[in-house]
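>>> Pasting the sequence and the predicted coordinates here, then a few questions.
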Amino acid sequence: MTTISDQLDPHFADASTGSPPGRAVPVWLAIVAASIPMFMATLDNLVMTSALPIIRDDLDASVGQLQWFMNAYTLAFATLMLPLSTLGDRLGRRRVFLWGIALFAVASIASALSTTPGMLIAARAFQGVGAAAIMPLSLTLLAGAVPLAKRALAIGVWGGVSGLGVALGPVVGGAVVEGVSWQAVFWINVPVALVAVPLALYALAESHGHRQPLDPLGVVFAGGAVFLAVWGIVHGNDDGWTSASVLGALIAAAVLLVLFLIRESRTEFPVMPLRLFRSRQFSIANVIALTFTLGMMGAVFLLSQYLQIVAGYSPFAAGLRTLPWTAAPMIVAPIAGLLAPRLGLRALLVTGLVLQGLSLVWMAQLIEPGVAYSSLVPAFVMAGVGMGLTFAPNATAVLADMKESDQGAASSINATLREIGVALGIALLTAVFLGAGGSLTPTGYTDALAPALYVGAGFVVIAAIAAALMPGGTPAAGDTEGDQPAVTTAPSPSGRVIDHSVID
């Protein structure tokens with residue numbers, strides 16, 4: 001069971017809570033301090049979906065530019081999480097976390113002031129840079145700020161808030177666009193940042209990890225691979241899938257991915273430590289993160305616009321009607337975090353992912369011109385419950401086998417793959433939609449939406465199969481392939497030795 005280390009981390013005065021020196025901070029306040037900026041960053045993944053029809057008219061944007069309004073954010077987000085997490089380990093996690101909040105606020109102002117599609121795409125990319133500093137470090141700072149006994153619950157709440165931020169994007173965006181303007185979608189981030197900075201300074205203690213050099217070549221290989229893959233998918237229907245530009249982009253993406261893996265396996269200071277994937281639980285958790293977000297977030301992108309373009313709802317009314325889907329994770333994820341030690345991660349993940357896959361199939365079969373909204377509600381609820389059963393257990397699985405010094409890299413790898421899943425999901429499901437003859441018109445949307453939802457469901461099924469291969473029972477840290485013991489311990493940010501079997 002849990003033992004107490006003789007040497008406490010000098011960064012923390014309170015070994016049981018990870019409170020800043022000189023004061024004890026309530027656990028709930030630490031959760032709020034870590035979660036508010038993360039919620040802001042995840043919200044902006046899809047906050048624009050309800051505003052896209054209006055922005056398209058206001059800025060005279062093409063369908064491809066609409067995708068890049070989303071993908072400029074997610075690509076920068078995904079590409080830079082790992083190096084910025086490494087920078088946080090070197091310079092101080094809280095310090096880089098605060099820099100990320102500040103940059104996110106400034107880029108939000110630039111987004112609100114944009115007058116051309118190019119300006120908005122560039123501003124969204126800088127928003128993604130800020131989000132890349134916020135997302136992974138929020139979980140690492142939270143893990144060090146709460147006592148061991150409450151860590152599973154805290155991670156559950158964090159997972160629920162994370163999922164809610166992504167899922168509530170269309171609701172919040174719709175309400176703001178209809179009540180004010182599309183620019184206000186970005187202005188609302190500014191007061192949130194002004195509250196988040198002093199709160200983080202008060203409630204979260206500074207901590208450090210491995211102080212290793214950055215790996216810029218690895219960042220270039222990884223970022224280039226993801227960018228070219230998304231670019232090729234986005235342009236596939238317009239330019240032709242066998243065109244030199246599209247094939248060249250996809251082949252170059254594959255080459256860069258191979259170079260990235262070779263680089264990371266040989267360099268002394270990798271941006272993505274491949275040794276972490278020796279943990280079976282960690283590896284499976286990341287397969288789930290990539291495939292389930294690819295399927296579900298691509299579906300959210302298309303369904304949010306379906307409610308406006310086909311069903312004829314206003315931006316706010318459309319967002320409001322997604323609440324049976326989007327509100328469920330906030331309720332279910334904390335419960336899943338509490339149930340994980342009793343039921344095990346595998347049971348919760350498989351159940352959640354099967355529910356999500358079935359919900360997309362159900363939606364694909366239901367959606368047709370004139371379908372009543374009430375017919376979609378049960379499928380929306382199923383999707384929301386499934387997401388709630390996935391977020392928290394997957395976040396727990398990511399950190400379960402990790403030493404404190406590796407938690408930043410582990411959480412950033414997982415968050416990176418989730419954001420890559422969002423970008424690829426939007427690009428791929430939109431490509432399927434357009435390839436099936438879809439268009440952003442009431443008469444050209446419905447028939448092409450079903451094939452895209454079936455493809456999304458297929459990726460969620462892959463995630464469910466991966467979850468079924470996760471170590472059974474109530475997983476313990478060290479429950480990995482090879483000769484590792486059933487239970488291992490690792491120092492927490494507070495200096496205590498964590499018995500991860502309690503967390504899992």
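Yep, that arrived. Keep in mind that what you see is a predicted model, and the values were worked out from it rather than measured.
>>> Go ahead and confirm His206 touches Arg95.
Careful, residue 206 is Glu and not His. Yes: contact status for Glu206 versus Arg95: in contact at 6.8 Å, counting by CB atoms under 8 Å. (Glycine included, C-beta is placed from N, CA and C.)
>>> tell me the domain ranges of the protein?
By the record's domain assignment, the chain is partitioned as 27-214+269-503, 215-268 (automatic domain parsing).
>>> Let's have those in TSV, adding mean neighbour count.
Supplementary listing: these in TSV, determined by neighbours: other CB atoms under 10 Å:
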stretch	mean neighbour count
domain 27-214+269-503	22
domain 215-268	17
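>>> any idea which of those scores lowest on pLDDT?
Across the domains of the chain, domain 27-214+269-503 has the smallest mean pLDDT, namely a mean of 82.
>>> distance between that one and the chain's centre?
2 Å (CA atoms, centre = their mean, to the nearest Å).
>>> As a check, name the ranges of all strands in the stretch 351-500 of the chain.
Taking DSSP state E, counting those that start in this stretch as the criterion, the stretch 351-500 of the chain contains strands spanning 489-491, 497-499.
>>> ok, now the stretch 151-300 of the chain?
Remark: strands of the stretch 151-300 of the chain are absent; assignment by DSSP E, counting those that start in this stretch.
>>> where exactly do the helices run in it?
With DSSP state H, counting those that start in this stretch as the criterion, the stretch 151-300 of the chain has helices at 151-167, 169-179, 184-187, 189-203, 216-239, 244-266, 280-309.
>>> out of those, which comes closest to Phe104?
The minimum distance between Phe104 and these falls on helix 189-203, with 6.5 Å, by CB to CB.
>>> same for the closest one, what does it pack against?
When contacts are defined as 3 or more CB pairs under 8 Å, 6 or more residues apart in numbering; DSSP states H and E, helix 189-203 packs onto helix 27-46, helix 93-112.
>>> Relative to Asp401, which of those is closest?
Taking CB to CB as the criterion, helix 93-112 is the member of these that comes nearest to Asp401, at 20.1 Å.
>>> Output the helices and strands packed on helix 189-203 as JSON lines; include the columns distance to Thr86.
Conversion of those to JSON lines gives the following (distance: least, CB to CB, whole Å):
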{"stretch": "helix 27-46", "distance to Thr86": "18"}
{"stretch": "helix 93-112", "distance to Thr86": "10"}
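>>> out of these, which comes closest to Ser314?
Among the helices and strands packed on helix 189-203, the nearest to Ser314 by CB to CB is helix 27-46 (17.6 Å).
>>> tell me the angle of the helix or strand Ser138 falls within relative to helix 27-46?
Mapping Ser138 onto the secondary structure by DSSP states H and E places it in helix 117-145. Using axes from the mean of the first three to the mean of the last three CA atoms, to 10 degrees, the direction of helix 117-145 lies 160 degrees away from that of helix 27-46.
>>> report the angle between the axes of helix 117-145 and helix 93-112?
Inter-element angle recorded for helix 117-145 and helix 93-112: 160 degrees (by the same axes, to 10 degrees).
>>> Counting by contacts, list what helix 117-145 packs against.
Contacts of helix 117-145 with other secondary structure elements, assessed using 3+ CB pairs under 8 Å, 6+ apart, are made with helix 27-46, helix 52-59, helix 63-91, helix 93-112, helix 151-167, helix 373-400, helix 404-435.
>>> The helices and strands packed on helix 189-203: which one's closest to Thr293?
When those are ranked by proximity to Thr293, the top entry is helix 27-46, at 9.5 Å, counting by CB to CB.
>>> what's the residue nearest the centre of the chain in contact with, if anything?
The chain has Arg418 as the residue nearest its centroid, 4.6 Å off, counting by CA atoms, centre = their mean. When the contact criterion is CB atoms under 8 Å, 6 or more residues apart in numbering, the partners of Arg418 are Ala289, Leu290, Thr293.
>>> If we use 6 Å, what do you get?
For Arg418, the contacting residues are Ala289, Thr293, by CB atoms under 6 Å, 6 or more residues apart in numbering.
>>> List every C-alpha atom in stretch 196-213, with coordinates, as CSV.
Written as CSV, here are the backbone C-alpha positions of stretch 196-213 (Å, rounded to 0.1, in the frame of the first residue of the first chain):
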residue,chain,number,x,y,z
ALA,A,196,-7.8,31.9,-14.6
VAL,A,197,-4.3,33.5,-14.2
PRO,A,198,-4.6,34.7,-10.6
LEU,A,199,-6.5,31.5,-9.7
ALA,A,200,-3.7,29.3,-11.0
LEU,A,201,-1.1,31.4,-9.2
TYR,A,202,-2.9,31.0,-5.9
ALA,A,203,-4.1,27.4,-6.1
LEU,A,204,-1.4,25.5,-8.1
ALA,A,205,2.2,25.0,-7.0
GLU,A,206,5.1,25.1,-9.4
SER,A,207,6.7,21.8,-10.3
HIS,A,208,9.3,20.5,-12.7
GLY,A,209,10.1,17.3,-14.6
HIS,A,210,12.9,16.0,-16.7
ARG,A,211,14.9,19.1,-17.7
GLN,A,212,15.9,17.8,-21.1
PRO,A,213,16.7,19.8,-24.3
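>>> just to revisit the earlier point, dump the helices of the stretch 151-300 of the chain to TSV, plus distance to Asp89.
Conversion of those to TSV gives the following (distance: least, CB to CB, whole Å):
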stretch	distance to Asp89
helix 151-167	20
helix 169-179	30
helix 184-187	30
helix 189-203	17
helix 216-239	15
helix 244-266	17
helix 280-309	18
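>>> Could you point out which of the helices and strands packed on helix 117-145 sits nearest Leu250?
helix 404-435 (11.7 Å).
>>> got the angle for the closest one vs helix 151-167?
Computed by the same axes, to 10 degrees, the angle between helix 404-435 and helix 151-167 is 30 degrees.
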